[in-house]
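> No sequence on hand, only this structure:
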């Protein structure tokens with residue numbers, strides 16, 4: 001019975017990898033970058049909205065890059081200091097005084113109203129300021145996190161892409177920092193898993209039903225935001241970027257998501273504990289706090305990522321070549337599809353066979369996210385803990 005079970009698991013895992021590799025929107029390809037674009041005849045106005053809570057550590061490396069944007073049209077920055085205790089607002093004002101460029105407004109919305117997550121409450125406040133500060137509201141909103149650094153032409157390229165392809169939402173997944181051992185092991189896999197769930201090519205089809213965005217860098221038409229009722233319509237969302245994309249898509253907007261070339265996160269995750277918190281704080285929320293979805297996710301991670309090396313080892317140990325071949329081929333497909341993401345992050349391909357180990361870590365992080373939720377500490381970030389939407 002044990003060998004039959006092992007064989008079934010090995011064949012099922014191989015079948016899963018054949019399907020993922022060839023039928024899941026080519027998720028593993030990393031060539032989805034900004035679409036072809038030309039400069040518009042008139043550059044639309046843009047308001048850059050930056051929600052920030054206790055970001056004094058990263059702001060000196062991110063905010064000057066926004067102030068220095070080489071944008072031909074009208075643009076301004078609204079940084080929303082969301083109850084920071086580390087002097088984020090004052091630091092932002094000093095940086096604006098030291099770095100000439102786009103004008104900066106620093107505002108504070110106070111504590112979130114009931115039923116709102118902190119980031120979306122800050123975005124609501126910042127968008128409100130941007131839309132009422134002048135006689136005409138901005139044509140576009142760039143929603144970008146406080147830890148995201150932009151090259152000087154980032155805004156120009158985003159707007160050109162949106163206007164050329166008539167897109168309502170253009171989002172780039174910022175290249176996360178990869179410097180220490182744990183970042184090398186965990187960060188590229190984070191983006192790989194995200195792309196597996198939300199294949200970029202599938203999202204970017206005009207008739208797509210799948211929707212997602214990367215919250216660190218989202219260019220959004222103001223008209224589309226109003227039509228979708230955001231951020232009010234998604235005020236309870238912990239996974240706010242995916243919820244934002246869905247709201248825009250459902251209201252008839254066209255969305256686009258891809259990997260960034262000149263947009264980078266400067267936030268460090270030097271220890272495994274830092275990365276653990278990044279994943280576990282929202283993993284169970286991603287599963288809508290459903291135990292059945294959690295069980296299915298754990299089973300799926302085991303089947304897809306842990307069975308292949310185990311089947312290879314078991315097949316070799318018991319003299320069952322069919323089991324070994326099935327497990328080995330599944331592991332080979334896993335490894336091969338991970339290599340492009342490692343190259344995108346400028347990491348050696350030798351790390352690719354370690355993906356099962358990383359998947360095990362993500363499995364444990366997801367389980368821990370559920371445990372923390374039922375202990376009343378789920379979806380926690382920077383001193384705030386969010387209830388499930390039905391309880392908010």
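Alright, I've got the coordinates. All values derive from a computational prediction rather than experimental measurement.

> Quick one: list the elements packing against the helix or strand hosting residue 276.
Assigning secondary structure by DSSP states H and E places residue 276 in helix 272-286. In this structure, helix 272-286 makes packing contacts with helix 181-197, helix 355-374, judged by 3 or more CB pairs under 8 Å, 6 or more residues apart in numbering; DSSP states H and E. Heads up, the C-betas are built off the backbone N, CA and C, glycines and all.

> Mind putting those helices into a markdown table with distance to residue 94, mean neighbour count and mean pLDDT?
Shown next, in a markdown table, are the helices and strands packed on helix 272-286 (distance: least, CB to CB, whole Å; neighbours: other CB atoms under 10 Å; pLDDT from 0 to 100):
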| stretch | distance to residue 94 | mean neighbour count | mean pLDDT |
| --- | --- | --- | --- |
| helix 181-197 | 29 | 20 | 97 |
| helix 355-374 | 37 | 18 | 94 |
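
> my guess is residue 68 meets residue 152, correct?
Yes: the criterion here is CB atoms under 8 Å, and residue 68 meets it with residue 152 at 5.6 Å.

> List the contacts of the residue nearest to residue 284 when sequence neighbours are not counted.
Spatial nearest neighbour of residue 284, chain neighbours left out: residue 369 (4.0 Å); criterion: CB to CB, 6 or more residues apart in numbering. Neighbouring residues of residue 369 by CB atoms under 8 Å, 6 or more residues apart in numbering: 279, 280, 281, 282, 283, 284, 285, 378.

> pLDDT score for the nearest residue to residue 12 once chain neighbours are set aside?
Spatial nearest neighbour of residue 12, excluding adjacent residues (CB to CB, 6+ apart): residue 303 at 6.2 Å. With respect to pLDDT, residue 303 has a value of 97.

> Tell me how many other residues crowd residue 303.
Neighbour count of residue 303, defined by other CB atoms under 10 Å: 17.

> swap in residue 292?
Residue 292 sits with 9 neighbouring residues when counted by other CB under 10 Å.

> would residue 262 count as being in a helix?
No: Residue 262: not assigned to a helix; according to DSSP: H, G, I helix; E, B strand; the rest coil it is strand.

> any idea how far the nearest residue to it once chain neighbours are set aside is from residue 247?
What sits nearest to residue 262 in space, not counting adjacent residues and going by CB to CB, 6+ apart, is residue 151, at 3.7 Å. From residue 151 over to residue 247 the distance is 29 Å, taken as CB to CB, to the nearest Å.

> tell me which of the contacts of residue 369 is nearest to residue 175?
Lowest distance from residue 175 to the contacts of residue 369 (CB to CB) belongs to residue 279, with 17.8 Å.

> Name all residues that make contact with the closest one.
186, 190, 362, 365, 366, 369.

> quick one on the thing from earlier: how about the contacts made by the residue nearest to residue 12?
Shown in contact with residue 303 (CB under 8 Å, 6+ apart): 9, 12, 13, 16.

> out of everything not next to it in sequence, what's closest to the last one?
Nearest residue to residue 16 in three dimensions, chain neighbours excluded: residue 304, at 5.2 Å (CB to CB, 6+ apart).

> just to revisit the earlier point, can you give me the neighbour number for the residue nearest to residue 262?
Residue 151 - counted by other CB under 10 Å - has 17 other residues nearby.

> What confidence value was assigned to it?
For residue 151, the predicted pLDDT is 97.

> looking at it, it is touching residue 263, isn't it?
Yes: using CB under 8 Å as the test, residue 151 is close enough to residue 263 to be in contact (7.3 Å).

> Roughly how far does residue 146 sit from residue 369?
When residue 146 is compared with residue 369 (using CB to CB), they lie 24 Å apart.

> Please apply the same query to residue 256.
Residue 256 is 29 Å from residue 369, where distance means CB to CB.

> Then residue 145?
Distance, residue 145 to residue 369, using CB to CB: 21 Å.

> for residue 137, same thing?
According to CB to CB, residue 137 and residue 369 sit 38 Å apart.

> Please apply the same query to residue 79.
The value you get for residue 79 to residue 369, if CB to CB is used, is 30 Å.

> Next: residue 166.
According to CB to CB, residue 166 and residue 369 sit 38 Å apart.

> Equivalent analysis for residue 281, please.
7 Å.

> now swap in residue 210 and tell me
23 Å.

> residue boundaries of the helices in the stretch 1-150 of the chain?
Assigned by DSSP state H, counting those that start in this stretch, the helices in the stretch 1-150 of the chain fall at 2-23, 59-67, 88-98, 118-132.

> could you redo the ones you listed as CSV and give each row distance to residue 194?
Shown next, in CSV, are the helices of the stretch 1-150 of the chain (distance: least, CB to CB, whole Å):
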stretch, distance to residue 194
helix 2-23, 14
helix 59-67, 21
helix 88-98, 28
helix 118-132, 18
